[in-house]
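K.L.:
got a predicted model here, sequence first, then my questions.
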Amino acid sequence: MTDAAFRVVVLVSGSGSNLQALLDDQTGYEVVAVVADRSKAAGIERGLRANVATVCLPLRHPKDSEARHAWEEVVARVIAAFAPDLVVMAGWMRVMSSRFVAQFADRMINQHPALLPSDGAATMPLSDGQVIPVIRGAHAVRDALMLGLPVTGCTIHRVTEEVDVGPILAQVRVPILPDDTEASLHERIKQVERPLIVQIVRELAQGSPAP
Ligand code: GAR
């Protein structure tokens, strides 16, 4: 990688397998920093093993709005210090304020383990005529199973002030099998998500579509 590389900061809360896919690739882009909000996030170890600047900023008092605001400011300052061309929420499980989003909105993308429309609609028509409820939030895989949906998937979208709403960059359907558990379904979704996030970051690094 050269100094002119397209600079990517990855935000993680959990295992970081999508982060790992990005670290393993780095074609046309460089992961310059990993930011985690949980000390137990396995993504921290992945960042360190890859010799990438890795910062853990735990949110200690999530229900205290002043503390949360101060924490967000620190997270924003740390991200900005790495001068990213792109910020990737790869399993980042915190809802960020509109003030935070506004700072990076033109260059921040999110992964979501379900099919999303780009607007705030509550249902979504599929190409075969089926209409399924839109599943937003932190338990999208569990909720898809509980609702008995025949299909779910994954979406990569630009981040806007509304949670899990924003222009879609990529989306793939994943069928739900009769014997699926939350773990088995999530793993099959992640198998699709990992190459997809790499493909989208490569494309954004090449300027198409512009970040
Ligand atoms: C991914 O499935 C991603 O879509 C999801 O967390 C997982 C992270 O996996 N993100 C969300 O649910 C955000 N609401 P990983 O830690 O193994 O990369």
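P.N.:
Everything's here; your move.
K.L.:
now the closest residue to the ligand within the chain: how far from Asp128?
P.N.:
For the chain and the ligand, the shortest gap (CB to the nearest ligand atom) falls at Gly91, measuring 2.6 Å. For glycine as for every other residue, the C-beta is placed from the backbone atoms N, C-alpha and C. Distance of Gly91 to Asp128, given as CB to CB, to the nearest Å: 29 Å.
K.L.:
likewise for Val192?
P.N.:
Look at Val192 and Asp128: by CB to CB, they are 18 Å apart.
K.L.:
swap in Pro209?
P.N.:
Applying CB to CB to Pro209 and Asp128 gives a distance of 27 Å.
K.L.:
so which of the two has more stuff around it?
P.N.:
Legend: neighbour count by other CB atoms under 10 Å for Pro209 and Asp128, higher for Pro209 (11 against 7).
K.L.:
I'd assumed Leu169 was in contact with the more buried one.
P.N.:
Yes - with contacts counted by CB atoms under 8 Å, Pro209 reaches Leu169, the gap being 7.4 Å.
K.L.:
how about the residues of this structure near the ligand?
P.N.:
14-19, 90-91, 93, 111-113, 138, 140, 154, 189-190, 193 (CB under 6 Å from any ligand atom).
K.L.:
mind listing what the closest residue to His157 other than its chain neighbours touches?
P.N.:
Computed as CB to CB, 6 or more residues apart in numbering, the closest residue to His157 that is not its neighbour in sequence is Gly166, at 4.3 Å. Neighbour list for Gly166: 110, 118, 157-160 [criterion: CB atoms under 8 Å, 6 or more residues apart in numbering].
K.L.:
and Gly166, how far from Thr160?
P.N.:
Taking CB to CB, one finds Gly166 at 4 Å from Thr160.
K.L.:
now do Arg49
P.N.:
Arg49 sits 33 Å away from Thr160, going by CB to CB.
K.L.:
on the three-state scheme, Trp71 is what?
P.N.:
When classified by DSSP: H, G, I helix; E, B strand; the rest coil, Trp71 comes out as helix.
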